[in-house]
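Enquirer: Using only what follows, build the 3D model:
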Amino acid sequence: MKKNKSLYIDTEALSALSLVKEGLISPVDRLMGEKEAREVDESKFYKGVPFPFAFILAPKGKRNKEILLTLKKGDVVDLINYDKKVGELIVDETFPIDPQKRLHNIYGSSDPSHPGVKNTMARLGDIAVSGEYTVEYPLVTDNIKRIKSMITKTGAKFITSMMLAANPFNRAHERMIRQAISDADLLVIFLRKPFTSEGLRYDIRHNALITFIENFLPRNKVIVIPFENSYIFAGFNELILDALLAKNYGCNQLVVGKNHGGLGLYYDKNRLSTVFDHCKNIDIDIKTVDEYVYCDTCKTLVSTSTCPHGQHHHVHYHSESIMKLIQSGVIPPPILVRKEVSANILAALFPERFENLQELYYSLMPGSGLLEQQSEEQFYMKLIELYQTSSLT
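Expert: Residues are numbered from 1 along each chain as shown. Coordinates of the predicted model:
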């Protein structure tokens, strides 16, 4: 029996192929051929729906290029990911692409100093292949089942969603989530799971978010879905793709912050446009929410549009700055990050940080007199409570 030729794809490509195959980027349902790809890149539309760039497969690598140059229409190709067969592709055509132009279509730039450009450049070849394909990727199919099951269980009619990096999860995220829940039967939080190693690990961010949900929210109103945001969700077109994905998962609404980079004005065919002009065709409501700050006069979290006090009274929830505190091992003030969340993150980020933790705990903390084993998470919780003791401050 003749052995199929093989193309080697990374997990990022596999994830994107699976999303399309499962109908989650519909109306895109297949790899595009040369003519179709060119039309989409020029028009930024596919079957009447906004789609910012062609969906193609052009894997990099010497082995891949050698195979791509030999492929003919009708050839069956095995798709290999980490030495395991994950799918098959029936070749329709192969065609050359311009990697620089492709990068510009995705990111609006081909400058290698751009982190997204740099990462994609390392995995983008110059020959694309199109054709019908099948792939196996349990994460995506499991996500679909979980959302359908939750909708059935709760009888939810109006489903809202948000894309969250939670890097790290903070009080402003909490307020956005509570507001979204109050307006909907079910909130789907797509927790970003990038293929890069920047920021906190996915498991740490996921556990921090779950800590908040399980302790402070009605559990039947929220579901967290891992969202592998591959290169197709990158760049200045991110919001359009996010809206398309949320809609195809069954959501009626996508909530975004007003400071989201994808909301900006831009010129399209000499006409001033916003992303809303495009999203009209996607059949999902885009709801924007104000930026939240802590006001030291109001003594609470407020939106910038409803607080009369100036910038000099506002504490901002700047993720990168909060992240620097956490990565340095510093506990963020509870007005920035809830103590239960901080304790969860720090215990995971700095395991076995303290020698003789039990001795340290009982020498500092008030106790019941019973000697019980304390976890690092419990230690951080009690330490934060000491910081909040105000009689001597």
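
Enquirer: For Trp253, give its distance to Tyr107.
Expert: Actually, residue 253 is Gln. It isn't Trp. 27 Å (Cβ to Cβ, to the nearest Å). Just so you know, the C-beta spots here come from the backbone N, C-alpha and C atoms, and that holds for glycine as well.

Enquirer: would you say Met162 is within a strand?
Expert: Yes: according to DSSP: H, G, I helix; E, B strand; the rest coil, Met162 belongs to a strand.

Enquirer: and it, how many residues sit next to it?
Expert: Residues lying near Met162 (other Cβ atoms under 10 Å) number 23.

Enquirer: Any idea what it is bridged to?
Expert: Ile189, Val255 (DSSP bridges).

Enquirer: just checking, it touches Ile181?
Expert: No: if you go by Cβ atoms under 8 Å, Met162 and Ile181 don't touch, sitting 10.6 Å apart.

Enquirer: any common contacting residues for the two?
Expert: Common contact partners of Met162 and Ile181 (Cβ atoms under 8 Å, 6 or more residues apart in numbering): Leu187.

Enquirer: ranges for the helices of the stretch 1-150 of the chain?
Expert: Secondary structure of the stretch 1-150 of the chain (DSSP state H, counting those that start in this stretch): helices at 11-21, 34-43, 62-68, 99-107, 115-121, 138-154.

Enquirer: ranking these by mean pLDDT, which is last?
Expert: Mean pLDDT is lowest for helix 115-121 among these, at a mean of 84.

Enquirer: Output stretch 193-205 as CSV, restricted to C-alpha atoms.
Expert: As requested, the backbone C-alpha atoms of stretch 193-205 are provided in CSV (Å, rounded to 0.1, in the frame of the first residue of the first chain):
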residue,chain,number,x,y,z
LYS,A,193,-4.4,30.8,25.9
PRO,A,194,-1.6,32.1,23.6
PHE,A,195,1.0,30.0,22.0
THR,A,196,3.7,32.2,23.4
SER,A,197,5.1,32.2,27.0
GLU,A,198,4.5,35.8,27.9
GLY,A,199,3.0,36.7,31.2
LEU,A,200,1.5,34.2,33.7
ARG,A,201,1.0,30.6,32.6
TYR,A,202,-2.5,29.6,31.5
ASP,A,203,-3.1,27.3,34.4
ILE,A,204,-2.3,30.1,36.9
ARG,A,205,-4.6,32.6,35.2
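
Enquirer: Quick one: mean pLDDT for it?
Expert: 88.

Enquirer: mind checking which of the helices of the stretch 1-150 of the chain is nearest Ser321?
Expert: helix 115-121 (19.0 Å; Cβ to Cβ).

Enquirer: who does that closest one touch, helix- and strand-wise?
Expert: helix 99-107 (3 or more Cβ pairs under 8 Å, 6 or more residues apart in numbering; DSSP states H and E).

Enquirer: got the phi/psi numbers for the most centrally placed residue in the chain?
Expert: Nearest residue to the geometric centre of the chain (Cα atoms, centre = their mean): Arg192, 2.1 Å. Arg192 has phi and psi values of phi -60, psi 140 when expressed as degrees, to the nearest 10.

Enquirer: Strands of the stretch 151-300 of the chain, start to end?
Expert: Remark: strands assigned in the stretch 151-300 of the chain by DSSP state E, counting those that start in this stretch are 159-164, 186-192, 222-227, 253-257, 266-268, 271-273, 285-289, 292-295, 300-303.

Enquirer: just the helices in the stretch 151-300 of the chain please.
Expert: Taking DSSP H, counting those that start in this stretch, the helices of the stretch 151-300 of the chain run over residues 171-182, 202-216, 238-248, 275-279.

Enquirer: With respect to burial, which of those helices scores highest?
Expert: The highest average neighbour count among the helices of the stretch 151-300 of the chain, using mean count of other Cβ atoms under 10 Å, belongs to helix 238-248 at a mean of 23.

Enquirer: by how many degrees do that one and strand 159-164 diverge?
Expert: Angle, helix 238-248 to strand 159-164, by axes from the mean of the first three to the mean of the last three Cα atoms, to 10 degrees: 140 degrees.
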